[in-house]
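**Q** when you get a sec, could you give me coordinates for this:
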Amino acid sequence: MTQRLAGKIAVVTGGALGIGGGISRRLAAAGATVVLNDIDEAAAAATAGEITAGGGRCHTLVGDIRKPEVVEALRAAALRAGDGRIDVLVNNVGDFRPASRTFLHSTEAQWQELYEVNLLHVFRVTRALLPVMVEQRSGAVVNNSTVEAFRGIPGHAVYSAYNAGVSAFTKSLAVEVGQHGVRVNAIAPDLADTSQTPAAAMLRGRDPALIRTWLPLGRFGVADDYAAVVEFLASDDARFVTGHTIPVDGGTLAASGWYGRADRKGWTNMPNEA
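**A** Numbers count the residues shown, from 1 in each chain. Below you'll find the model as predicted:
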């Protein structure tokens with residue numbers, strides 16, 4: 001793999017498992033020193049160990065990124081690792097849980113939890129690390145949104161709204177900081193086959209042969225599919241790309257929609273149940 005991030009300091013939140021783990025491994029393989037934050041201490045240690053065993057460099061900061069004190073500790077850890085530099089920030093953390101059957105069944109407490117895990121911490125981490133990039137007049141921020149920010153998703157209206165906020169924040173911040181040599185982009189994943197969202201659970205006994213009928217590329221994504229796009233956006237290869245959210249979805253955003261199930265038991269984007 002080309003070392004197109006050689007010498008860079010890259011911070012990845014939620015960087016131990018799933019898409020985040022793929023991003024951490026990919027950036028390290030591209031030559032970056034990765035500062036990995038995760039709430040799961042064992043998973044963070046395992047991913048860091050895998051990176052270092054492969055010849056890469058990785059530091060870990062264990063803690064809940066929703067807490068302001070963890071954000072400040074992450075900033076300090078990144079500055080130590082980079083001797084004052086921070087080149088890449090990947091705001092990867094996000095979750096559709098806690099979920100409700102419908103918006104009318106949701107509570108304000110759930111809204112607050114979804115806000116903190118999907119949007120508020122993105123503001124906090126970015127504000128903590130961005131001044132370093134502005135001062136050095138270079139840097140790349142890559143946020144993790146979702147395709148659900150661009151299409152309706154029944155039962156997850158609040159989650160969708162906050163991720164639409166991530167993409168809007170990405171665009172507006174890119175306009176603000178471009179003059180300082182800092183780029184801001186995002187990815188919008190869908191259908192990631194990871195330990196947190198395994199393909200088997202998403203299929204729920206459906207015929208895997210039907211995947212091709214609603215996913216144009218005919219398969220679920222794996223962590224490295226998303227990480228490869230993050231690496232591109234973080235690198236100088238994307239030096240004239242800023243303010244965009246790139247769908248990484250195998251074509252689902254282009255091709256699919258949600259339908260009321262024929263049995264009236266909710267919604268589906270599986271055409272065999274429409």
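**Q** the bottom helix or strand of the chain by mean pLDDT?
**A** One helix or strand of the chain scores below all others by mean pLDDT, DSSP states H and E: strand 259-260, with a mean of 56.
**Q** and the next helix or strand past that one?
**A** The C-terminal neighbour of strand 259-260 among helices and strands, as given by DSSP states H and E, is strand 267-268.
**Q** just checking, what packs against that next one?
**A** Other helices and strands packing on strand 267-268, by 3 or more CB pairs under 8 Å, 6 or more residues apart in numbering; DSSP states H and E, are strand 259-260. For glycine as for every other residue, the C-beta is placed from the backbone atoms N, C-alpha and C.
**Q** max-length helix in the protein?
**A** helix 157-177 (DSSP state H).
**Q** after that helix comes which helix or strand?
**A** strand 182-189.
**Q** if we look at that next one, which residues are touching it?
**A** The contact list for strand 182-189, computed with CB atoms under 8 Å, 6 or more residues apart in numbering, reads 19, 130, 133-134, 137-147, 149-150, 166-167, 170, 173-174, 177, 221, 226, 229-230, 233, 238-239, 241-249, 253.
**Q** same check, this time on stretch 151-168
**A** 91, 94, 96, 99-103, 106, 110-111, 114-115, 118-119, 122, 143-146, 148-150, 186, 188, 245, 253, 257-258, 266-267.
**Q** now do stretch 39-49
**A** Stretch 39-49 is contacted by residues 14-17, 21, 24-25, 36-38, 58-60, 62-65 when judged by CB under 8 Å, 6+ apart.
**Q** for the record, mean pLDDT for that stretch?
**A** Average pLDDT, stretch 39-49: 98.
**Q** related to what we said a few turns ago, in strands, which of the contacts of stretch 151-168 appear?
**A** Judged by DSSP state E, the contacts of stretch 151-168 include Asn91, Asn143, Asn144, Ala186, Ala188, Thr245, Trp267 as members of strands.
**Q** no more questions from me, cheers.
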